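*Asks:* have a look at this fold, sequence not included:
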């Protein structure tokens, strides 16, 4: 019954059911994954595509950067392996940065779904694993070959038979073999759950395929997005922003071309790619661009292929936002997370009521590795990734949220989890008064976390920290947020992206940046100022 007509009521029922499938799969990953990256930090995504690899439903809490990258990976499998070679029981795998999500640390799992012997859809997941080998996600890597174990587009499971050679290679090349393999098979379980739920849904409604249903959904979503774009006056809106960079600041430039019911964002003028692991592949750049536009124009409609059809980008090849292989890309959040800010900065000129000032939280994290000193795992290597968020930017209607990740909805690592999974003891964790940029609506506050290394042997740590020199910009007359700071033993690091060795008793203090303010500070209400004083925010 692929040719049946879908009236609006039935269409809404089916789309709701499809979205419930991916949300249930997300809960399965949280409950079965081995590492805190999925079950605490939410660094994963579940997507259901049609037989052509076009996204039909994505889990509600998905990471924005996976909006477009995960379906694109499914299409890479279709092009490289061919639908005709796929069989029931197959499970596909890759972490290729250019064909996946932008760095080796994210492993993508794809499962073709068959009904009546016909390929009807794909279930797909991607998740950041605790370790992928290499230089513990170090920004010091000069090319992708230094960054860890590379899995090309291939089978993990072929007709129900697991590729044990691949698993042995994976386990041999990572510091956390049990956790990494466990997370991979948590993804496989989520893919299989999506398959079972989709097959049941199709049986309930007499469907032999879902492409026709998908096309109906895409058409309506595309129409809604085009209508939202058409309401924005035509024009070319430009914005340029500087960031910390490495030895000199980086420049991010965007020209947003609004033409009728479509948008093209041109990133010409952005700094060239770098011989450090902070380059951002084009698929990730597109995903972050699409996220920003959707957040500004159509925030309440669930994601699918249709709403992204009117959005296109152009980024110069060889730039930070479209690097050539084999550029190093492990810390691509240090650049890709600025994309939404420059896009919204351009749109502020024409729809200021829809945008947000700069966030102080292009993702901050601390990655550490060492060797266990005692217990049953003594002598075995370990690795952990800890997340720390800054303040969000103010908007035309409210203050920025404090210590909340944006644009990636990653959770801050709780103190209890830090101390359970790493040798770092938390001395204090508190908001930083005055770190939010002043404005009619102030920026959110950053946080200060002071930790001490209590491991008896040295551990290696890498920080991915931004806005230490160039603060989060304010918008519409608002002021910039406070700068961040990373200290080891009370001394600020000149280059926070280099590997540091911590010895027993050494301390680490991370002070995340505040968000930019929105609107003239003089227009802030007396009640809001009094509340800030009462709460100790200023």
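*Replies:* Yes, it's here. Not measured: the values here are computed from a predicted model.

*Asks:* give me the local confidence score for residue 166.
*Replies:* Among the per-residue scores, residue 166 shows a pLDDT of 98.

*Asks:* please disregard the earlier target; I meant residue 256.
*Replies:* Reading off the model, residue 256 has pLDDT 98.

*Asks:* are we agreed that it is in a strand?
*Replies:* Yes - counting by DSSP: H, G, I helix; E, B strand; the rest coil, residue 256 falls inside a strand.

*Asks:* what distance do you get for it to residue 345?
*Replies:* In this view, residue 256 and residue 345 are 9 Å apart by C-beta to C-beta, to the nearest Å. The C-beta positions use only the backbone N, C-alpha and C, and glycine is treated the same way.

*Asks:* give the residues shared as contacts by those two.
*Replies:* residue 239 (C-beta atoms under 8 Å, 6 or more residues apart in numbering).

*Asks:* would you list every one of the helices in the protein?
*Replies:* Here the chain has its helices, by DSSP state H, at 8-32, 36-39, 66-81, 164-173, 177-204, 211-230, 282-297, 333-336, 339-347, 415-421, 526-535.

*Asks:* over to residue 318: give its phi and psi.
*Replies:* When quoted as degrees, to the nearest 10, the phi and psi of residue 318 stand at phi 90, psi 10.

*Asks:* skipping adjacent residues, who's closest to residue 175 in space?
*Replies:* The shortest distance from residue 175 to any non-neighbouring residue, by C-beta to C-beta, 6 or more residues apart in numbering, is to residue 381 (4.1 Å).

*Asks:* surely that neighbour touches residue 370?
*Replies:* Yes - counting by C-beta atoms under 8 Å, residue 381 touches residue 370, with 7.2 Å between them.

*Asks:* and the helices of the chain as a markdown table, adding mean neighbour count and distance to residue 274?
*Replies:* Compiled in a markdown table, the helices of the chain are given as follows (neighbours: other C-beta atoms under 10 Å; distance: least, C-beta to C-beta, whole Å):
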| stretch | mean neighbour count | distance to residue 274 |
| --- | --- | --- |
| helix 8-32 | 17 | 33 |
| helix 36-39 | 22 | 26 |
| helix 66-81 | 22 | 21 |
| helix 164-173 | 13 | 26 |
| helix 177-204 | 20 | 28 |
| helix 211-230 | 18 | 33 |
| helix 282-297 | 24 | 15 |
| helix 333-336 | 27 | 9 |
| helix 339-347 | 27 | 16 |
| helix 415-421 | 16 | 30 |
| helix 526-535 | 11 | 39 |
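
*Asks:* can you tell me which of those helices is nearest to residue 439?
*Replies:* Of all the helices of the chain, helix 526-535 sits nearest to residue 439, with 10.3 Å by C-beta to C-beta.

*Asks:* what average pLDDT does that closest one get?
*Replies:* Rounded mean pLDDT across helix 526-535 is 97.

*Asks:* make a markdown table out of the helices of the chain and add distance to residue 246.
*Replies:* Shown next, in a markdown table, are the helices of the chain (distance: least, C-beta to C-beta, whole Å):
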| stretch | distance to residue 246 |
| --- | --- |
| helix 8-32 | 35 |
| helix 36-39 | 26 |
| helix 66-81 | 25 |
| helix 164-173 | 28 |
| helix 177-204 | 29 |
| helix 211-230 | 36 |
| helix 282-297 | 19 |
| helix 333-336 | 10 |
| helix 339-347 | 19 |
| helix 415-421 | 28 |
| helix 526-535 | 36 |
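
*Asks:* closest to residue 389 out of those?
*Replies:* Here helix 333-336 is closest among the helices of the chain (C-beta to C-beta), at 12.1 Å.

*Asks:* more neighbours: residue 381 and residue 370, which one.
*Replies:* residue 370 (22 against 14; other C-beta atoms under 10 Å).

*Asks:* I'd guessed the more buried one sits against residue 461; true?
*Replies:* No - at 9.2 Å, residue 370 and residue 461 do not qualify as touching, with contact defined as C-beta under 8 Å.

*Asks:* and residue 497, what pLDDT?
*Replies:* pLDDT at residue 497 comes out at 84.

*Asks:* which residues does the closest residue to it other than its chain neighbours contact?
*Replies:* Take residue 497 and drop its neighbours on the chain: the residue closest to it by C-beta to C-beta, 6+ apart is residue 139, 3.9 Å away. Neighbouring residues of residue 139 by C-beta under 8 Å, 6+ apart: 276-278, 330-331, 334, 462, 464, 497-498.

*Asks:* make a ChimeraX selection of the buried ones in the residues you listed.
*Replies:* Provided next is the ChimeraX selection string for whichever of those are buried by 16 or more other C-beta atoms under 10 Å:
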select :276,277,278,330,331,334,462,464,497
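
*Asks:* please identify which of the contacts of residue 139 is nearest to residue 110.
*Replies:* residue 330 (22.5 Å).

*Asks:* so that closest one sits against residue 106, correct?
*Replies:* No - taking contacts as C-beta under 8 Å, residue 330 lies outside contact range of residue 106: 10.5 Å.

*Asks:* roughly how far apart are the nearest residue to residue 42 once chain neighbours are set aside and residue 276?
*Replies:* Computed as C-beta to C-beta, 6+ apart, the closest residue to residue 42 that is not its neighbour in sequence is residue 411, at 5.4 Å. Look at residue 411 and residue 276: by C-beta to C-beta, they are 27 Å apart.

*Asks:* could you pull up the residues touching the closest residue to residue 441 other than its chain neighbours?
*Replies:* Leaving aside its sequence neighbours, residue 441 sits nearest to residue 394 (C-beta to C-beta, 6+ apart; 3.7 Å). Residues in contact with residue 394, defined by C-beta under 8 Å, 6+ apart, are 356-357, 400, 436-437, 439-444, 474-475, 478, 515-519.

*Asks:* again, only using 7 Å
*Replies:* Residues counted as contacts of residue 394 (C-beta atoms under 7 Å, 6 or more residues apart in numbering) are 357, 400, 439, 441-443, 478, 515-518.

*Asks:* before we move on, back to that, quick one: closest of the helices of the chain to residue 427.
*Replies:* helix 415-421 (9.7 Å).

*Asks:* sorry, back to before: beta partners of the residue nearest to residue 175?
*Replies:* The partner list for residue 381 in beta bridges (DSSP bridges) reads residue 371.

*Asks:* contacting residues around the nearest residue to residue 348 once chain neighbours are set aside?
*Replies:* In space, and not counting its chain neighbours, residue 348 is closest to residue 355: 4.7 Å by C-beta to C-beta, 6+ apart. Residue 355 makes contact with 296, 344, 347-348, 475, according to C-beta under 7 Å, 6+ apart.

*Asks:* perfect, I'm done here.
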